[in-house]
Structures are given as C-alpha cells and as structure tokens.
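S.K.: when you get a sec, could you give me coordinates for this:
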Amino acid sequence: MSEATPPPRAGADPTDGPMSLTDLADDNPGNWFDRTLNWIPRILSSKPHVVLLVLLGVYLIILPLFGLVVSNKAELIGGNYTNVTSDIGACIAAGGTLHLIRQNRKRAKRDQERDRVLQDIHALLRHVHMPAANELDKILPTSQTPPDTEQPPPPRP
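M.R.: Predicted coordinates for the structure are as follows:
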C-alpha cells in the first residue's frame, strides 16, 4: 500500500523533508513566537490553572446561589458561568491534546526501534541461511521486477 507524500511545511528548509501527517506539533520550534505558543496548552492544562478556574466558578456561580452578591465588575472581569465552564473544558481539551502528542511520539520511537531490530534480524537470517535466501530471491518477485512480468510458480513442498 502506498502512502501519499504530504507537501513540505511552509517556510521549512526543503532538505528537511516533508512533515508527517501524524505530527501534531514540531519537536523543535524555530522562533521565539512558536516556542511561546507551545507553552499555552501546558499552561491551560496545568493543575494550578484548573484549580484557579474551579475557585472562580465557585465564587461566580455557587456563592451567588447562597445569597452572596457578586459585583458587576467582578462578573465583568471573571466572566459568568458560561465562560468559566467553557474555560475548564478548554483545559481538559488542552491536556488531552498534550497527552496524545506525547503518546504519539513514544509510539513512533518504539516503532522505529522495532523496525530497526527486525531489519537486523532479517539481515542476520539472510547471512546465516545464504543458500536458502538466494533460492528465495530466484523464486519470489522483487520490487525491481515489473508487475506485468510472469513469475514462475513457487515449488511445491
């Protein structure tokens, strides 16, 4: 199965190669603005920020239900229940995205290591069983063989 090659990143060095479609964020952002933007999800999903929003929600939503009067200025600055609950939802989404990025990078490293080990095992097996590997090369089609070329049938055991 062939995989479509994505276009190179805008502003990227063409020698770097195309960006993977599964990449969610650059590992090494180039300029200070990109590095600053990478911190926003971490800050949004941090425990102190979530606790602050929950406390703000208690102050702006729960306490007025028990008779505490919240000033208009406090509501203007702190927001209302819709703002607070949507902010908490944004924190949850940012944390989930960071988790997915981290897991994707770990999975990619494991996959690369597994592929390297399999290639090493394959090379060792071909070296140890050279006559059988040469015989298989004669029987099985290779990637250099044109698809319309007729191949001999495999031998029966």
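S.K.: report the next helix or strand after the longest helix seen in the chain in sequence order.
M.R.: Determined from DSSP state H, the single longest helix within the chain is helix 81-128. Downstream of helix 81-128, the first helix or strand assigned by DSSP states H and E is helix 130-139.
S.K.: and that following helix, which residues are buried?
M.R.: Going by neighbour count (16 or more other C-beta atoms under 10 Å), nothing in helix 130-139 comes out as buried. C-betas here are computed from N, CA, C, even on glycine.
S.K.: which helices and strands does it pack with?
M.R.: With contacts defined as 3 or more C-beta pairs under 8 Å, 6 or more residues apart in numbering; DSSP states H and E, helix 130-139 has no helix or strand neighbours.
S.K.: any residues touching stretch 36-48, and which ones?
M.R.: 25, 29, 49, 90-92, 94-95, 97-98 (C-beta atoms under 8 Å, 6 or more residues apart in numbering).
S.K.: and that stretch, what's buried?
M.R.: Result for stretch 36-48 [16+ other C-beta under 10 Å]: buried residues 41, 44-45.
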